[in-house]
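*Asks:* starting from these lines, generate the structure:
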Amino acid sequence: MQRRQFSALAASASLGLGLHRAASAQGDAPVTASDYTKIGTPVPVSAPAGSVDVVEFFSYACPHCFEFEPTLEAWLKRKAPEIRFRRSPVPFMQNFRNFQPMYFALESMGLVDAMQQKVFNAVHLEHQRLDKPEDIAAFMARNGVDAQKFMAAFSAFGTGVKVSQASQLFQNSGANGVPTLMVQGRFLTSPATAHGEAKALATVDFLAAQVRAGR
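*Replies:* Next up, the predicted model:
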C-alpha cells in the first residue's frame, strides 16, 4: 500500500483479500525481472557472513499487510536457514507514531510471534481503538502482557532509536508502499509487484539464492 493510497485501499480490504489469494496461486510460476526491482543505491546491511538479510516493511494499519501475514508466517516456517528475516514498521499510515514503538516494544520483550497476528486482528477484525499509548497498554493487558513492562519498553530510549533507524531504513530503500520485502539491501519485491503473495515470497527465495551465489 502506497503512502497516498491507504485510505482508499482500506475501504476495499475485503476485495483485496480475495484478489491477493487468487493471485497467490501464481507462486509456482517462474520468477522474472518484472517481479522485483533493483535498488539504485544498495542499502548497507549487517547480516552475518553467509546469510541473506530480508526485511518486511509493514504497518499494522495496512489491510494488505494484514492479508499477507498468514502467508508470510507459513513461509517463515519453511524459509532457507540462511535467510535472516526481520520486520520494520514504516513511518506513515494511520497511527504510525504509536504502531512503530509498539512493534519494537514487543520485539524487545520477545513477544512478536505471540502478538503479531493478535494486533492485526484487533485493528482489522475487531476494530479496537489503539490510538493512544494507554489504549495499547490496556490491549496488551487483556492479552496477558504485563502492561507496566510493556509501557516501559514502549517509552524506552532504545525503542526511540530503533524507530528512527526503521524510518531511515525505509527512506533509504526507496520503497513507496507496504507490504514490501527488501532482500540484502539490493532488491525490492511485494505482492503487488509480483502479482501475488506466494509469488512475492518465491521471488524472495530466488533473490536470496542469487545473493548466496554471488550474483
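*Asks:* not counting its neighbours along the chain, what's nearest Ser51?
*Replies:* Once flanking residues are discounted, Ser51 sits nearest to Arg84: 4.7 Å by Cβ to Cβ, 6 or more residues apart in numbering. For glycine as for every other residue, the C-beta is placed from the backbone atoms N, C-alpha and C.
*Asks:* give me the buried positions along the helix or strand hosting the one you found.
*Replies:* Assessed by DSSP states H and E, Arg84 sits inside strand 83-89. Of all the residues in strand 83-89, those buried under the rule 16 or more other Cβ atoms under 10 Å are Ile83, Arg84, Arg87, Ser88, Pro89.
*Asks:* I'd like the average pLDDT over that strand.
*Replies:* Strand 83-89 carries an average pLDDT of 97.
*Asks:* now do it: everything it contacts.
*Replies:* Counting by Cβ atoms under 8 Å, 6 or more residues apart in numbering, strand 83-89 makes contact with 47-48, 51-60, 76, 79, 96, 99-100, 103-104, 107, 112, 163, 166, 169-170, 204, 208, all of which sit outside it.
*Asks:* so what are the sheet partners of that strand and their directions?
*Replies:* Sheet pairing for strand 83-89, assigned by DSSP bridges, gives strand 52-58 (parallel).
*Asks:* ok so, going back, filter the contacts of strand 83-89 to the buried ones?
*Replies:* Buried residues within the contacts of strand 83-89, defined by neighbour count using 16+ other Cβ under 10 Å: 47, 51-60, 79, 96, 99-100, 103-104, 107, 112, 163, 166, 169-170, 204, 208.
*Asks:* re earlier: next secondary structure after the strand holding Arg84?
*Replies:* Tracing the chain C-terminally past strand 83-89 and defining elements by DSSP H and E, one meets helix 96-108 next.
*Asks:* export the host helix or strand of Asp113 as CSV, just CAs?
*Replies:* Asp113 belongs to helix 112-124 when assigned by DSSP H and E. Presented in CSV, the C-alpha positions along helix 112-124 are these (Å, rounded to 0.1, in the frame of the first residue of the first chain):
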residue,chain,number,x,y,z
VAL,A,112,6.3,-10.6,18.3
ASP,A,113,5.5,-14.2,17.5
ALA,A,114,2.7,-14.3,20.2
MET,A,115,1.2,-10.9,19.5
GLN,A,116,1.7,-10.0,15.8
GLN,A,117,-1.5,-11.6,14.5
LYS,A,118,-3.4,-10.5,17.6
VAL,A,119,-2.6,-6.9,16.9
PHE,A,120,-3.6,-7.2,13.2
ASN,A,121,-6.8,-8.9,14.3
ALA,A,122,-7.5,-6.2,16.8
VAL,A,123,-7.1,-3.4,14.2
HIS,A,124,-8.8,-5.0,11.2
